[in-house]
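[1] coords please:
(one chain, ligands or ions: 1)
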Amino acid sequence: MNHDESRDLYDRSLSVMPGGVNSSVRAVRPYPFFVERGDGAHVIDADGNRYTDYVMGYGPLLYGHDMPDPVRSAVQSYASDGPMYGAPTEIEVDHAEFVARHVPSVEKIRFVNSGTEATVSAVRLARGYTGRDKIVVMKGGYHGAQESTLVEGEPGDTAPSTKGIPESFAEHTIPVPFNDEAAIDEVFEEYGDDVAAVLTEPILGNTGIVHPVDGYLQHLRDVTEEHGSLLIFDEVITGFRVGGLQCAQGKFGVTPDVTTFGKIIGGGFPVGAIGGQAEIMERFTPSGDVFQSGTFSGHPVTMAAGHASLTYAAENDVYDYVNDLAETLRRGLTDIVAEKAPSYTVVGTDSMFKTVFTREGPDDLTDACEAGCAQRDACPRYDYCPKNGADVSNAETERWERIFWQEMKDRGVFLTANQFESQFVSYAHTEEDIEETLEAYKAAL
Ligand SMILES: *Cc1c(COP(=O)(O)O)cnc(C)c1O
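    The predicted model follows:
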């Protein structure tokens, strides 16, 4: 593969953008390929190389790169009417009604411009509503580039996980391991009356894909209820992907107080949203006393793209199609891994998938999960499959990123840049794409 154009473009980028990119994860080594355009489930780079794309914009692109006709015409029509106004528009109401109708926890919603902005606002809302300061988060969870969640350490001994955040900010954040009921119980015993919210992804989607063990999300629901804390599900990545239109909360049957959205809810345009019970949501200004505002919030083009995308999903077989195809892929991967690298774990659900390069596995794989780790305690892998962020970090992350990712790229398969980020099957992928992708895995593993 020739990458001359991409190399020259990265050379130019390095002079004018920090690290040559606008989002850290894109700076793959030695340099990223620059995308010229998308085509269905594929992207074509600046040198004319074509890849089957499972990055899908890191989550927003349920349909791949070709918008379904109604989405395309909605976007074109709203863009040409004039991009935005600073006054409300009908399409915001349409989209809000749609989300409130389908997502169990949502009575009212506020649209913002990114997942980060959504989690920042949700944390402020929880603190304002409860009058408490502390936030419990999961180690290995991701809530965007925000001050309250870029925190590491143990309860009582926390520190910012990046430069630029005052030590004192980290005092209010309590990280615990995902899937660990005892750890949550201990934190609530000690700090229960000070906890504004537990903020978690229902599935860790930015650290290898870690599925919750049976009963864990319900336990979070029970503990928060008992202590008067809010439960916030960050569904920026799972929203309108896992569990279809009801989102992961519907699939797992656990209803949080507040939900954050992003990615798919904007149909490929910049978006975030905070939804929840009316009584809580009304605390946002102007009805309440928790300040929240944004020039671009509820942007008509984004609202049109999001609403047309979700309406299309409601009226077509979108979720059945992507989930079935991803299951075929995960089943194929499970077989290949059993043969080539039996300690590795295939993870994912619905249209999400990943191969975690776990270092150890059982000797006998009889009756193991066949289509991605579901944390089934009868599975022989159960004691070996990742339960939390640390388990994923302890996998062969360097091999994944430096060898495997490159090998797949050279075979024309574009995967997310490291061991941690989820990959996605879209409505544009075909059986044939899946077969070719499995051949590439077989050769690269
Ligand atoms: C992507 C993501 C975010 C951040 O969203 P941005 O739009 O990148 O700011 C937050 N939470 C989760 C779970 C995400 O997957």
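
[2] make it CA atoms for all contacts and neighbour counts henceforth
    Fine.

[3] list phi and psi for Val137.
    phi -130, psi 170 (degrees, to the nearest 10).

[4] correct me, but Val35 touches Gly48?
    No - using Cα atoms under 8 Å, Val35 is not in contact with Gly48; the gap is 9.2 Å.

[5] tell me which parts of the stretch 51-200 of the chain are close to the ligand?
    Contact residues, the stretch 51-200 of the chain versus the ligand (Cα under 6 Å from any ligand atom): Ser114, Gly115, Thr116, Tyr142, His143, Gly144.

[6] 5 Å instead, please
    Contact residues, the stretch 51-200 of the chain versus the ligand (Cα under 5 Å from any ligand atom): Ser114, Gly115, Thr116, His143, Gly144.

[7] count the residues that sit near the third one.
    Which is Thr116. Using other Cα atoms under 10 Å, Thr116 has 22 other residues around it.

[8] quick check: Phe33 vs Thr130, distance?
    47 Å (Cα to Cα, to the nearest Å).

[9] ok, these two, which is more surrounded?
    Phe33 (23 against 17).

[10] wait, what's in contact with the more buried one?
    His3, Ser6, Arg7, Asp45, Ala46 (Cα atoms under 8 Å, 6 or more residues apart in numbering).

[11] spatially nearest residue to the last one (excluding sequence neighbours)?
    So the one you mean is Ala46. Excluding the flanking residues, the one nearest Ala46 by Cα to Cα, 6 or more residues apart in numbering is Glu36, at 5.1 Å.

[12] the helix or strand hosting the one you found - what's its average pLDDT?
    Counting by DSSP states H and E, the element that carries Glu36 is strand 35-39. Across strand 35-39, pLDDT averages out at 98.

[13] that one pairs with which strands?
    strand 42-45 (antiparallel) (DSSP bridges).

[14] quick one: residues in contact with the strand it pairs with.
    Residues from elsewhere that reach strand 42-45, judged by Cα under 8 Å, 6+ apart: 6, 33-38, 50-53, 64-65.

[15] and if you look at stretch 132-146?
    115-116, 119-120, 123, 127, 148-149, 152, 172-178, 193-201, 204-207, 234, 388-390.

[16] list the buried ones in stretch 76-88?
    Tyr78, Met84 (16 or more other Cα atoms under 10 Å).

[17] measure it end to end?
    19 Å.

[18] also stretch 409-423?
    14 Å.

[19] what do you get for stretch 413-432?
    Where stretch 413-432 begins and where it ends lie 13 Å apart, using Cα to Cα.

[20] that one - what's its average pLDDT?
    The model assigns stretch 413-432 a mean pLDDT of 98.

[21] for the longest helix seen in the chain, name the packing helices and strands.
    Counting residues, the longest helix found in the chain (DSSP state H) is helix 318-340. Here helix 318-340 touches strand 345-347, strand 352-356, helix 431-444, going by 3 or more Cα pairs under 8 Å, 6 or more residues apart in numbering; DSSP states H and E.

[22] same thing but at 10 Å, please
    helix 300-315, strand 345-347, strand 352-356, strand 423-424, helix 431-444 (3 or more Cα pairs under 10 Å, 6 or more residues apart in numbering; DSSP states H and E).

[23] that older thread, so which of the contacts of strand 42-45 is the most crowded?
    Counting by other Cα under 10 Å, top hit in those: Asp53 with 28 neighbours.

[24] hmm, it is touching Ala417, no?
    No - if you go by Cα atoms under 10 Å, Asp53 and Ala417 don't touch, sitting 11.9 Å apart.

[25] joint contacts of the two?
    Jointly contacting Asp53 and Ala417 under the rule Cα atoms under 10 Å, 6 or more residues apart in numbering are Gln423.

[26] quick one: the closest residue to Pro386 other than its chain neighbours from Arg359, how far?
    Using Cα to Cα, 6+ apart and skipping residues adjacent in sequence, the residue nearest Pro386 is Val392, 5.9 Å away. Distance of Val392 to Arg359, computed by Cα to Cα: 10 Å.

[27] these two: which is more packed in?
    For Val392 versus Arg359, neighbours defined as other Cα under 10 Å are more numerous around Val392 (22 against 16).

[28] return the members of the residues of the stretch 51-200 of the chain next to the ligand classed as buried.
    Ser114, Gly115, Thr116, His143, Gly144.

[29] coming back round to it: tabulate the helices and strands packed on helix 318-340 (JSON lines), appending mean neighbour count and distance to Leu220.
    JSON lines is the format used below for the helices and strands packed on helix 318-340 (neighbours: other Cα atoms under 10 Å; distance: least, Cα to Cα, whole Å):
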{"stretch": "helix 300-315", "mean neighbour count": "23", "distance to Leu220": "29"}
{"stretch": "strand 345-347", "mean neighbour count": "28", "distance to Leu220": "23"}
{"stretch": "strand 352-356", "mean neighbour count": "25", "distance to Leu220": "24"}
{"stretch": "strand 423-424", "mean neighbour count": "28", "distance to Leu220": "27"}
{"stretch": "helix 431-444", "mean neighbour count": "16", "distance to Leu220": "37"}
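
[30] dump the ones you listed into TSV; add distance to the ligand as well.
    Formatted as TSV, those follow (distance: least, Cα to the nearest ligand atom, whole Å):
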stretch	distance to the ligand
helix 300-315	13
strand 345-347	16
strand 352-356	12
strand 423-424	11
helix 431-444	24
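
[31] ok so, going back, so which of the contacts of stretch 132-146 belong to strands?
    Counted as lying in strands by DSSP state E, out of these, are 152, 173-177, 195-200, 234.

[32] which residues does the residue nearest to His42 when sequence neighbours are not counted contact?
    If the residues on either side of it in the chain are set aside, His42 comes closest to Thr52, at 4.5 Å by Cα to Cα, 6+ apart. By Cα under 10 Å, 6+ apart, the residues touching Thr52 are 39-44, 409, 411-415, 429, 433-434, 436-437.
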